[in-house]
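Undergrad: only the shape, not the letters, is given here:
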C-alpha cells in the first residue's frame, strides 16, 4: 500500500497533467472492469452452477449483485461529481471573520486565503476542504463533502468482493471436499497456466484465475476501508492521521463526515444527509468554545 502511494506521488509530482491523463482512466477502468467481471462470472457461471438458475438462492444473489453494484458505481460517481474544493464555497464563506483570520492560511498557487484543514492538490489544481487524499480510482480528491461517498464506495467494494470470494471458495471446496487439496491445486494450476499456457477448455484453471483476480480485487478496498474507518472515527485525515485535536468523540466525528442522517447513508448516495460543518470553521477537543 505504501509503495503504491509513494509511486503515485512520485510520478504525480513530476508531471501532474500527464499523470492525470494516464492514471485516472486506467484506474477507473480497473474498478469498472473488475466489478463487472466478478458480477458476470458469479451470476452467469458460479452461482447457477452451485444452486441452479431457478433456485431462490440464485434470485437472492441477483438482488444482492444489483444492489451492491449500484452502490459501487453510484458512490463512485458521487465522489467524482461532488465539489469539495474551496472554490465551491460561497463568496461570504470564502472570507474569514476578523477573529478567525489568524486560523486561515494563504495558498500561493490559488492566491487566496483558505480555511483550516484545507490544502492544495496539484492534480485537482485547487484547494480542497479538509483534504484527505487524492484518489486515482475516483479521479478526484477526497475531502469534506465527498468522503461519505468514498467511504461507502470502499465499503460496497469490500462487501461485494468478499461475498464473491466466499462463494468461489465454497464452490471449489464443495467440488473437491478438501481445503488442503484446494490450496495445492489452486497454486499448481496458476503456475502451470503461466508456464505452459492456459488450457482454454479447462474450467478448473479458469475458476482458479477468477479466484486470484477476486483476491486482488478484495485486498485493495479492504485496506482503504480500514484506513477510512480509523480516520472517520478519529476525525483525522490520511496525511495527518496522528492529529487528535479535532477528535470530538466517535458519534460526532461520524456526523461530521457522513452527515446528520448518517445512519441512513448506507442505503444510497442519493439519501440526503446534510453536513453539520461547511469546512471553514472547526471545533476542537481541547478548546470546545473556540474555533480552529
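TA: Done, it's in. Just so you know, these numbers come straight off a predicted model, no measurement behind them.
Undergrad: let's verify the residue minimising distance to the centre of the chain: helix, strand, or coil?
TA: Computing the C-alpha centroid of the chain and ranking residues by Cα atoms, centre = their mean puts residue 154 first, at 3.5 Å. Secondary structure, DSSP: H, G, I helix; E, B strand; the rest coil: residue 154 is helix.
Undergrad: find the nearest non-adjacent residue to it, please.
TA: Leaving out its chain neighbours, the residue that sits closest to residue 154 by Cβ to Cβ, 6 or more residues apart in numbering is residue 225, at 4.3 Å. In short, each C-beta sits where N, CA and C put it, glycine included.
Undergrad: what about that neighbour, distance to residue 279?
TA: Going from residue 225 to residue 279 by Cβ to Cβ, to the nearest Å gives 23 Å.
Undergrad: higher neighbour count, those two?
TA: Between residue 225 and residue 279, residue 279 has the larger neighbour count (other Cβ atoms under 10 Å), namely 25 against 20.
Undergrad: sorry, back to before: my read: the residue nearest to the centre of the chain touches residue 223, true?
TA: No - with contact defined as Cβ atoms under 8 Å, residue 154 does not reach residue 223; the gap is 9.2 Å.
Undergrad: ok, residue 259 - contacts?
TA: By Cβ atoms under 8 Å, 6 or more residues apart in numbering, the contact list for residue 259 reads 148, 265, 273-276.
Undergrad: local confidence estimate at it?
TA: Note for residue 259: predicted pLDDT of 97.
Undergrad: in which helix or strand does the residue nearest to residue 154 reside?
TA: helix 203-234 (DSSP states H and E).
Undergrad: which parts of that helix are buried?
TA: Residues 205-211, 213-214, 217-218, 220-222, 224-225, 228, 231-232, 234 are the ones in helix 203-234 that count as buried (16 or more other Cβ atoms under 10 Å).
Undergrad: repeat that for stretch 33-40.
TA: So for stretch 33-40, counting by 16+ other Cβ under 10 Å, buried means 34-35, 38-39.
Undergrad: how about residues contacting it?
TA: Applying Cβ under 8 Å, 6+ apart, the contact partners of stretch 33-40 are 65, 69, 72-73, 157, 160-161, 164, 210, 213-214, 217.
Undergrad: where's the helix holding residue 225 relative to the chain centroid, distance-wise?
TA: Centroid separation between helix 203-234 and its chain, computed with Cα atoms, centre = their mean, to the nearest Å, is 11 Å.
Undergrad: packing partners of that helix?
TA: When contacts are defined as 3 or more Cβ pairs under 8 Å, 6 or more residues apart in numbering; DSSP states H and E, helix 203-234 sits against helix 16-41, helix 147-176, helix 179-196, helix 250-258.
Undergrad: mean pLDDT lowest for which of the ones you listed?
TA: Minimum mean pLDDT among the helices and strands packed on helix 203-234: helix 179-196, a mean of 52.
Undergrad: pLDDT below threshold where in this structure?
TA: 1-7, 176-205, 286-292 (pLDDT under 70).
Undergrad: name the residue most distant from the centre of it?
TA: Quick read of the chain (Cα atoms, centre = their mean): farthest out is residue 98, 37.9 Å.
Undergrad: ok, that one to residue 147 distance?
TA: For residue 98, the distance to residue 147 - Cβ to Cβ - is 30 Å.
Undergrad: again with residue 173
TA: Taken as Cβ to Cβ, the span from residue 173 to residue 147 is 38 Å.
Undergrad: so between those two, which is more surrounded?
TA: residue 147 (26 against 13).
Undergrad: isn't the more buried one up against residue 133?
TA: No - applying Cβ under 8 Å as the test, residue 147 and residue 133 come out as separate, 9.9 Å apart.
Undergrad: give me the neighbour count for residue 252.
TA: 13.
Undergrad: same question for residue 59.
TA: 12.
Undergrad: that one: helix or strand, and which one exactly?
TA: helix 56-81.
Undergrad: may I see the buried residues of that helix?
TA: Buried, per 16+ other Cβ under 10 Å, within helix 56-81: 61, 65, 68-69, 71-76, 78-79.
Undergrad: so which elements touch it?
TA: If contacts are counted by 3+ Cβ pairs under 8 Å, 6+ apart, helix 56-81 sits against helix 16-41, helix 47-51, strand 140-142, helix 147-176.
Undergrad: and it, how far from the chain's centre?
TA: 14 Å.
Undergrad: now the angle between helix 147-176 and it, please.
TA: Going by axes from the mean of the first three to the mean of the last three Cα atoms, to 10 degrees, helix 56-81 is angled at 150 degrees with respect to helix 147-176.
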